[in-house]
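Q: No letters, just coordinates:
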């Protein structure tokens, strides 16, 4: 669902498929403060929630995806130091951040593989705005128990042409 949503909103060019998969993997590995993932719809809502928060969170914390629990405390410290180095000078110029999205894994502690050149800050802001909008639409459809298939399609259609 996440890759389809990204493609339908033309984010495939700025957000690598692997980055989307890492974001989804992060939700499975660290579902807190929620329960473990259980359905595609709630999983998608949580991804939208994560993306909506990412613009704020990614400025201050690295997103570490440790699928096999291979990272030692020293590895996590190294990732955090790499993250802090990538954010050096943020207070002076917020636009100077080279890596807007910092996704670290066991094999990519510098976040170079999937997020080096994109998304840039404008693409991330657009991604965050679409995630908020889609999350809000999906939440409203669920809360109001709407079974209209055309209402569900609105979250997948680009309407700002």
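A: Looks like it arrived, so ask away. Source: prediction; values computed, not measured. Residues are numbered from 1 along each chain as shown.
Q: Mean confidence (pLDDT) on stretch 64-76, please.
A: Mean pLDDT, computed over stretch 64-76, is 92.
Q: And it, what's buried?
A: When burial is assessed from 16 or more other Cβ atoms under 10 Å, stretch 64-76 yields the following buried residues: 64, 65, 66, 71. Where you see a C-beta, it was placed from the backbone N, CA and C, and this is true even at glycine.
Q: counting contacts, what elements does the lengthiest helix in the chain pack onto?
A: When the chain is parsed with DSSP state H, its longest helix is helix 121-143. Using 3 or more Cβ pairs under 8 Å, 6 or more residues apart in numbering; DSSP states H and E as the contact test, the elements touching helix 121-143 are helix 40-57.
Q: any idea which element residue 4 lies in?
A: Assignment of secondary structure by DSSP states H and E places residue 4 within helix 2-8.
Q: Beyond that helix, next helix or strand please.
A: Proceeding C-terminally, helix 2-8 gives way to helix 17-29 as the next helix or strand, assigned by DSSP H and E.
Q: Out of the buried residues of stretch 64-76, which two are the most distant from each other?
A: Taking every pair in these and measuring Cβ to Cβ, the maximum separation is 9.5 Å, between 65 and 71.
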